[in-house]
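[1] Return atomic coordinates for the entry below.
(4 chains)
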There are 2 protein chains.
Amino acid sequence: MPHPVEAVGACPISPVVDLVFSRWSTPILWVLKEHGRQRFVQIQRRLSGITPKVLTQRLRQLERDGLVTRSYHAEIPPRVEYEISDLGRTLGPVFAVLTEWSDTHFTRVETARHAYDTADRPLPA
Amino acid sequence: MPHPVEAVGACPISPVVDLVFSRWSTPILWVLKEHGRQRFVQIQRRLSGITPKVLTQRLRQLERDGLVTRSYHAEIPPRVEYEISDLGRTLGPVFAVLTEWSDTHFTRVETARHAYDTADRPLPA
DNA sequence: AGAGCCACTATCTTCTGGGAACCTACTGTA
DNA sequence: TACAGTAGGTTCCCAGAAGATAGTGGCTCT
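    Residues are numbered from 1 along each chain as shown, chains lettered A, B, ... in the order given. Model (predicted):
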């Protein structure tokens, strides 16, 4: 579900958002960043809940975008490993600033949600 | 399309990603940040392509999360204005680092995509 | 022989985003 | 008076993406 092209004119970071923050992309990148090179099932286990189909789709997309590298070892039995690429590692500061924002401000979001949900709304129809 | 809860354990920024980077949220916040207080149709026009239904949905969500404030003026005719909140404004550094990453690295993504698409793949089945 | 692992693929079903049209209340034009 | 237009939505429907479930083929372990 890519962002529509129309949004790009108004918002220059739309392409990056599609790239890094589409569904499951961030958790996958995070796992590879934190735990290094991983096999398919290892990623799947760390992200309990992801189905193999979706994991394959996302890994292919991340590989195509150059954020992840896939290495196939023609051994017996064969082995496939995924690793975050150099380009993927350049996202470090992005993740860092997001973590910081989360630590500093996320409670305010939760407060706002609770306030919104419990407000008697005047129903300004 | 919220990220599943299972991902949060493995990736602490999943909640923020849902908050800020769900479809259309970023362009809306961007518009409000750049152009200040706006009426419904003004936002719609700047984001040419968004339908009123989706814009309503996203604005409600952003309002609930405290990132946007909605003000209803009971005039004749009534008027509704949306503005980015103080909490929303704290996302500035997040957007800045994303813009910077985009400017610095996005061409590498495009190169990677082209390379992937034109490679003869050995089909390692 | 039977069970299990690995890296997927195939086939459903469900869910959500998007498109088009409609709605109410008001204003402006003729 | 009729007609058109604006603002801020809502309703209905469909297509495409995500998710659940199951299967596959080769290998190994007991």
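[2] tell me, what residue is most central in chain A?
    The residue lying closest to the centre of chain A (Cα atoms, centre = their mean) is residue A:26, at 1.3 Å.
[3] Past the worst-scoring helix or strand of chain A on mean pLDDT, which element shows up next along the chain?
    One helix or strand of chain A scores below all others by mean pLDDT, DSSP states H and E: helix A:5-10, with a mean of 65. Of the helices and strands lying after helix A:5-10 in sequence (DSSP states H and E), the nearest is helix A:14-21.
[4] In the following helix or strand past that following helix, which residues are buried?
    The helix or strand immediately downstream of helix A:14-21 is helix A:25-35, counting by DSSP H and E. Of all the residues in helix A:25-35, those buried under the rule 16 or more other Cβ atoms under 10 Å in any protein chain shown are A:25-33. Yep, even glycine has a C-beta here, placed from its N, CA and C like the rest.
[5] tilt between helix A:25-35 and helix B:14-21?
    Counting by axes from the mean of the first three to the mean of the last three Cα atoms, to 10 degrees, helix A:25-35 lies at 140 degrees to helix B:14-21.
[6] Contacts for the following helix or strand past helix A:25-35 next, please.
    Per DSSP H and E, the first helix or strand lying C-terminal to helix A:25-35 is strand A:38-39. Under the contact criterion Cβ atoms under 8 Å, 6 or more residues apart in numbering or on different chains, strand A:38-39 has outside partners A:31-32, A:46, A:79-83.
[7] could you flag which of those are buried?
    The neighbour count (16+ other Cβ under 10 Å) marks A:31-32, A:46, A:82 as buried among these.
[8] average pLDDT for the longest helix along chain A?
    Secondary structure of chain A read by DSSP state H shows that its longest helix is helix A:92-118. The average of the pLDDT scores along helix A:92-118 is 95.
[9] Just confirm yes or no for it near chain B.
    Yes. Interface with chain B: helix A:92-118 contributes A:93-95, A:97-99, A:101-102, A:104-106, A:108-109, A:111-113, A:115-117 (Cβ under 8 Å from any Cβ of the partner chain).
[10] need the contact list for the closest residue to residue A:84 other than its chain neighbours.
    Counting by Cβ to Cβ, 6 or more residues apart in numbering or on different chains, residue A:84 lies nearest to residue A:32, which is 4.1 Å off, once chain neighbours are set aside. By Cβ under 8 Å, 6+ apart, the contact list for residue A:32 reads A:38, A:43, A:68, A:82-84, A:88.
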